[in-house]
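Colleague: Attaching a predicted model along with its sequence, questions to come.
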Amino acid sequence: SIIPANINSIIQGNQYVGGLVGLNNGSIINSDSTVNINGNIGFGGLVGKNEYGGSINNSHYNRDTVLINGSPLLTIGGLYTNQFQDWISNNKSLDINNYSSTLVDNGDGYYSISNMQGIQDLLGFADSSNLKFKLNGDIVLTISGLFIPYFDALEFDGNGYKISNLSINQPSNYDIGFIGYLKNGFLNNVSVENSSVTGYGYVGGLVGTNIGTINNSHYAGNVTGNYRIGGLVGNNVVGSVNTSYNSATVTGTTGSMKIGGLIGYNQCTLTNSYNTGTVNAPTGYNVGGLVGFNDGAVDNSYNQGSVTGSNYVGGLIGYNNSTLNDSYNEGNVTGTTEVGGIVGFNEGDASNIINSHYNIDNILINGQKLLTAGGLFNTQYQDWFNNNLNLDINNYATSLPLSNDGYYTISDPQGIKDLLGFADNSDYKFRLGADIDLSSTPELFIPYFSAKEFDGGKHIISNLKITQPNNSNIGFIGKFGGSTTIKNIGLNNIAITGR
């Protein structure tokens, strides 16, 4: 902890350069800095970069007089001159009642904001954990670079109004977004439109790093960065995102990593949300229509935007290391290595992905109609989609008849196609009822299988041909998991190419 401190000098460095602390994983309280800063990546008037465990309370610098790389710049702890002088002259204390013209006490527990000055004045109270703020009118941000770098108050409610013309251009900095670092609290009903956000790492249209909760919110415009970049949130560490959407274009710069239409890196929860914006990172790794790299849970969400990356590129998730449920992709996907309609690459077993699909006949993967994990052929996909993402296996009695001993029987290529919609149901058992010749259906296989059992019944699958030289987990069954049993299958005259 730093309690209190005052710095007045010049500090220069390469990465994580701050007036008080370079890399903060502790507590900074009642401190200020007047130092000028020169840094290359990660810099600020107080801290160069604030880590997950770091907290900053009642600590500031003068945004108008402190020079960061030669110019005034708003970063964590920055206040504009009038408010900074008020804070300093009152023994590092601010009284929100003195800001009643811009932060209006409505008597309902919220301080309402109706203009751009209110956003500026909020900066002095954004770390007050007992305060709540809400918009009381649309706000056009005519000052370039104005945003809320750090928010640890109880709530910010958009209240049905819009913020537009947000413009942040800090291409070498971390934690950039309408709220750069949401430490705790709630961001509710916030709509940020016609806006442009550019940073280096942990960059999102709404929030750079999220450790709070985001509900019913939206971003439209452009988001650009290199590491952990998302249309809504760049770095979702312990936070949750619910019932929110992005319609912005998300761009990953050269060599970018973890780029998503909604979230760049997800370690917590994403639910009931969607993306319609383009995700474009031609040289990027871990690129997804919803999430670039998923270490959390993604539920009941969808993507409609096109997705372009290099390695680990998916319609929903680029690299999945956790769970994906009840979700779908309707955007084309382009990439070089490990490219899929739902996920680019799934770490762990097949049971990570449940009831999540794309339409093989409509969605193009590298310009082709390609079967990867989660793919369904058009008739079955439409059945699933039109029935609230549900399939009834009893409606497939022709191709998957139920035997007296509890197995669904597959006797032709159509049965294998229809099995794809049920391959993730751990209660179902399947069995071949005849030898099956796949010569008329090249590239047909079962990418993921986490049902209870697949029994070949000592029958033969012949003329299986799969050519996906840039994808892993390629075979008659690409990947299986959970408590799955596979037995008694014979293969003849197969030609399989994978990574």
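Modeller: Cool, the structure landed.
Colleague: where does the chain have low pLDDT?
Modeller: Where the chain drops to pLDDT under 70, the residues are 1-8.
Colleague: try 80 this time
Modeller: Of all residues in the chain, those with pLDDT under 80 make up the ranges 1-9, 482.
Colleague: quick one, helices of it?
Modeller: 81-89, 116-122, 378-386, 413-419 (DSSP state H).
Colleague: Got phi/psi on the residue of the chain most remote from its centre?
Modeller: Here the chain has its C-alpha centre computed as a mean, and the residue farthest from that point, by C-alpha atoms, centre = their mean, is N404 with 45.6 Å. Taking degrees, to the nearest 10, you get phi -70, psi -20 for the backbone angles of N404.
Colleague: Which among the helices of the chain is found nearest to N346?
Modeller: Closest approach to N346 among these (C-beta to C-beta): helix 413-419, 18.8 Å. Any C-beta I mention is one placed from the backbone N, CA and C, and that applies to glycine too.
Colleague: How about the closest one, which residues are buried there?
Modeller: By neighbour count, with 16 or more other C-beta atoms under 10 Å as the criterion, the buried positions of helix 413-419 are 413, 415-419.
Colleague: So which elements touch that helix?
Modeller: strand 408-410, strand 436-437 (3 or more C-beta pairs under 8 Å, 6 or more residues apart in numbering; DSSP states H and E).
Colleague: Show me what the longest one packs onto, helices and strands only.
Modeller: So the one you mean is strand 408-410. Using 3+ C-beta pairs under 8 Å, 6+ apart as the contact definition, the elements that strand 408-410 packs against are helix 413-419, strand 429-432.
Colleague: what about 10 Å?
Modeller: Judged by 3 or more C-beta pairs under 10 Å, 6 or more residues apart in numbering; DSSP states H and E, strand 408-410 is in contact with helix 413-419, strand 429-432, strand 453-462.
Colleague: do the shortest one as well
Modeller: Applying 3+ C-beta pairs under 10 Å, 6+ apart, we find strand 436-437 packed against helix 413-419, strand 453-462.
Colleague: Of those, which is nearest I37?
Modeller: With distances scored as C-beta to C-beta, the stretch of the helices and strands packed on strand 436-437 nearest to I37 is helix 413-419 (60.1 Å).
Colleague: Can you show me the CA trace of the closest one as PDB?
Modeller: Taking only C-alpha atoms (Å, rounded to 0.1, in the frame of the first residue of the first chain), the coordinates of helix 413-419 have been written out as PDB:
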ATOM      1  CA  PRO A 413     -25.300 -41.900 -44.200                       C
ATOM      2  CA  GLN A 414     -28.500 -40.000 -43.300                       C
ATOM      3  CA  GLY A 415     -28.400 -41.600 -39.900                       C
ATOM      4  CA  ILE A 416     -24.900 -40.300 -39.300                       C
ATOM      5  CA  LYS A 417     -26.000 -36.800 -40.500                       C
ATOM      6  CA  ASP A 418     -28.900 -36.800 -38.100                       C
ATOM      7  CA  LEU A 419     -26.900 -38.100 -35.200                       C
END
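Colleague: The helices and strands packed on strand 408-410: which one's closest to G201?
Modeller: For the helices and strands packed on strand 408-410, the distance to G201 is smallest for helix 413-419, at 42.7 Å, taking C-beta to C-beta.
Colleague: hmm, who's touching the closest one?
Modeller: 360, 371, 375-377, 379-380, 383, 391, 393, 395-396, 398-401, 408-410, 423, 428, 430, 432-434, 436-441, 444-446, 449, 451, 454, 461, 476 (C-beta atoms under 10 Å, 6 or more residues apart in numbering).
Colleague: Stretch 99-106 too?
Modeller: Residues from elsewhere that reach stretch 99-106 (C-beta under 10 Å, 6+ apart): 83, 86, 96-97, 110-122, 124-125, 131, 133-134, 136.
Colleague: picking up where we left off before, for G340, which of the helices and strands packed on strand 408-410 is the nearest?
Modeller: Closest of these to G340 is helix 413-419, at 17.9 Å (criterion: C-beta to C-beta).
Colleague: what about Y302, neighbour count?
Modeller: The burial metric for Y302, expressed as a neighbour count using other C-beta atoms under 10 Å, is 23.
Colleague: Could you find the closest non-adjacent residue to the residue nearest in space to the middle of the chain?
Modeller: Per C-alpha atoms, centre = their mean, the C-alpha nearest to the average position across the chain is that of I263, at 1.4 Å. Computed as C-beta to C-beta, 6 or more residues apart in numbering, the closest residue to I263 that is not its neighbour in sequence is G230, at 4.3 Å.
Colleague: Alright, I will stop here.
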